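*Asks:* coords below, sequence missing:
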């Protein structure tokens, strides 16, 4: 056997050691890269989601690699906005700084077991991208979102304004739902009471064209829809000031008036206003000819005369519509109060409106909630039966929608101030 050469052995060991160190370093580099990638994933996801809702093209494979699931049948977008100035008490600096994180946690806690969703963060609002199945309709989504409003007020001392767009079947069209959610949000904020607003409840039969409206037209359209004259005037002032500073070409001017007129005519048709009368105003606006000596005041007067009248008529139409909604709800309650299973959800499905929108409209009109009004109707019916019949308490309870006679007696006493038995006895005394 050949003797071992010490120097050769030393060289072999050095080479082995060098190889081991290189392989270890490579493994460490791979681990470092992996950790870096994992740490950057949240930011990458936010960028991809932001690009998606803004209408940009996003590779589906890239979404999958980033761990973003988009295999749902429908996609809906909600915009959740908050304002620190709306807080019911003064918040400390730390509370203000942590507010977005607290709101994110509140959303996650309330929705994660009911639906799949992705959150996209902006400085003053959060975008909720909901992934829905066939069995999960828009009304269910609105119901889930409405449950965020009360906890946010109680836990965070904060009003939430939530706008919801119509759901879409393609990820490429998610940006349309986002734009509709922003429009619905404007209406929600105009109510100033923290509500969930669905674009389908605000603008029936809403359609979008194949192009984006200019910023000014979009703002004027929003102000006309939401009924805010002061904001409308500011929007028109901003437009005319911009035109005065940067006079438009004849083509730009004609294009602008054409687009504004088309949008106003669309609102006239959607809200079924007096087309002959109101379209004449739009025609008058369109006849404002281009002039090199641009007169901002003349254009402002023409736009305000047209847009403000349509704004007033839409506001009146909406009042008429909400009055009819309240009347229909009253009739439904009067007809079905004896049903012990009658609920807000059942009523809203029958009227084809969201619970949040109905609750807002009904309370503003009646000064009470659906439950309070239902209880009032049931108690009135119970009192009439106690006065006019000899029916037992349990029988009267069943006739006015209560399966539990003890609970009926409790509610009756709380509402009237007397138990059913004492109330009947008192009435009999009065009649003698």
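*Replies:* Cool, the structure landed. Since the structure is predicted, the reported quantities are computational estimates derived from the model, not experimental observations.
*Asks:* number of nearby residues for the spatially closest residue to residue 118 that is not a sequence neighbour?
*Replies:* Using Cβ to Cβ, 6 or more residues apart in numbering and skipping the chain neighbours, the partner closest in space to residue 118 is residue 129 (4.5 Å). Every residue, glycine included, has its C-beta placed from N, CA and C. Using other Cβ atoms under 10 Å, residue 129 has 23 neighbouring residues.
*Asks:* Which helix or strand in the chain has the lowest average pLDDT?
*Replies:* helix 149-155 (a mean of 59; mean pLDDT, DSSP states H and E).
*Asks:* Can you pull out the low-pLDDT segments for the stretch 1-150 of the chain?
*Replies:* 1-18, 20-40, 83-92, 95-100, 112-115, 134-137, 149-150 (pLDDT under 70).
*Asks:* quick one, strands of it?
*Replies:* Assigned by DSSP state E, counting those that start in this stretch, the stretch 1-150 of the chain shows strands spanning 74-82, 116-121, 125-132.
*Asks:* tell me which residues in the shortest one are buried?
*Replies:* It refers to strand 116-121. Using 16 or more other Cβ atoms under 10 Å as the test for burial, strand 116-121 gives 116, 117, 118, 119, 120.
*Asks:* beta partners for the closest residue in space to the first one that isn't next to it in sequence?
*Replies:* If you skip the residues right next to it in sequence, residue 116 has residue 131 as its closest partner in space, 4.2 Å away by Cβ to Cβ, 6+ apart. According to DSSP bridges, the partner residues bridging residue 131 are residue 75, residue 116.
*Asks:* Now do the strand or helix carrying residue 235, average pLDDT.
*Replies:* Here residue 235 sits within helix 229-245, counting by DSSP states H and E. In this model, helix 229-245 has an average pLDDT of 85.
*Asks:* Let me see the contact set for the spatially closest residue to residue 184 that is not a sequence neighbour.
*Replies:* Using Cβ to Cβ, 6+ apart and skipping the chain neighbours, the partner closest in space to residue 184 is residue 163 (3.4 Å). When contacts are counted by Cβ atoms under 8 Å, 6 or more residues apart in numbering, residue 163 is found next to 78-79, 81, 180-188, 197, 199.
*Asks:* let's see it at 10 Å
*Replies:* If you count contacts by Cβ atoms under 10 Å, 6 or more residues apart in numbering, residue 163 has them with 77-81, 125, 145, 178, 180-189, 195-199, 202.
*Asks:* for it, phi and psi?
*Replies:* Dihedral pair for residue 163: phi -110, psi 140, per degrees, to the nearest 10.
*Asks:* Kindly provide the distance from it to residue 235.
*Replies:* Here residue 163 is placed at a distance of 19 Å from residue 235 (Cβ to Cβ, to the nearest Å).
*Asks:* ok, now residue 308?
*Replies:* 11 Å.
*Asks:* Report the set of residues contacting both of the two.
*Replies:* 223, 224.
*Asks:* neighbour-wise, which of the two wins?
*Replies:* Using other Cβ under 10 Å, the more surrounded residue of residue 308 and residue 235 is residue 235, with 23 against 17.
*Asks:* Provide a list of residues in contact with the nearest residue to residue 127 once chain neighbours are set aside.
*Replies:* If the residues on either side of it in the chain are set aside, residue 127 comes closest to residue 120, at 4.0 Å by Cβ to Cβ, 6+ apart. Each residue near residue 120 by Cβ under 10 Å, 6+ apart is listed here: 45-50, 52-53, 77, 79, 126-129, 178.
*Asks:* Residue 327 too?
*Replies:* residue 365.
*Asks:* Specify the local secondary structure of it.
*Replies:* helix (DSSP: H, G, I helix; E, B strand; the rest coil).
*Asks:* how much space between the closest residue to residue 231 other than its chain neighbours and residue 396?
*Replies:* Spatial nearest neighbour of residue 231, excluding adjacent residues (Cβ to Cβ, 6+ apart): residue 223 at 4.8 Å. From residue 223 across to residue 396, the span is 53 Å (Cβ to Cβ).
*Asks:* And for residue 180?
*Replies:* Distance from residue 180 to residue 396, counting by Cβ to Cβ: 48 Å.
*Asks:* Over to residue 329?
*Replies:* According to Cβ to Cβ, residue 329 and residue 396 sit 25 Å apart.
*Asks:* beta partners of the residue nearest to the spatial centre of the chain?
*Replies:* Nearest to the mean C-alpha position of the chain, by Cα atoms, centre = their mean, lies residue 163 at 2.2 Å. For residue 163, the beta-bridge partners under DSSP bridges are residue 79, residue 197.
*Asks:* ok, the nearest residue to residue 162 once chain neighbours are set aside - how many residues close by?
*Replies:* The shortest distance from residue 162 to any residue other than its chain neighbours is 4.4 Å, reached at residue 196 (Cβ to Cβ, 6+ apart). Per other Cβ under 10 Å, the neighbour tally for residue 196 reads 29.
*Asks:* My read is that residue 196 contacts residue 80, right?
*Replies:* Yes. Counting by Cβ atoms under 10 Å, residue 196 does reach residue 80; the two are 9.3 Å apart.
*Asks:* joint contacts of those two?
*Replies:* Joint contacts of residue 196 and residue 80 (Cβ under 10 Å, 6+ apart) are 145, 148, 149, 160, 161, 162, 163, 164.
*Asks:* quick one: which of those residues is most hemmed in?
*Replies:* residue 164 (30 neighbours).
*Asks:* quick one: contacts for that residue?
*Replies:* Residue 164 neighbours (Cβ under 10 Å, 6+ apart): 76-80, 128, 130, 138, 141-142, 145, 177, 180-181, 184-185, 188, 196-201, 354, 356.
*Asks:* hmm, which two among the buried residues of strand 116-121 are most spread apart?
*Replies:* 116 and 120 (14.6 Å; Cβ to Cβ).
*Asks:* pLDDT of stretch 407-422, averaged?
*Replies:* 92.
*Asks:* Tell me how many other residues surround residue 139.
*Replies:* 16.
*Asks:* tell me the contacts of it?
*Replies:* With Cβ under 10 Å, 6+ apart, residue 139 has these contacts: 198, 345, 348, 349, 352, 353, 354, 355.
*Asks:* rerun at 8 Å
*Replies:* Per Cβ under 8 Å, 6+ apart, neighbours of residue 139: 348, 349, 354, 355.
*Asks:* What about those, which one has the most neighbours?
*Replies:* Neighbour max across these (other Cβ under 10 Å) = residue 354, 24 neighbours.
*Asks:* got the contact list for the nearest residue to that residue once chain neighbours are set aside?
*Replies:* Sequence neighbours aside, residue 142 is the residue nearest to residue 354 in space, at 4.3 Å (criterion: Cβ to Cβ, 6+ apart). By Cβ under 8 Å, 6+ apart, the residues touching residue 142 are 164, 196, 198, 354, 355, 356.
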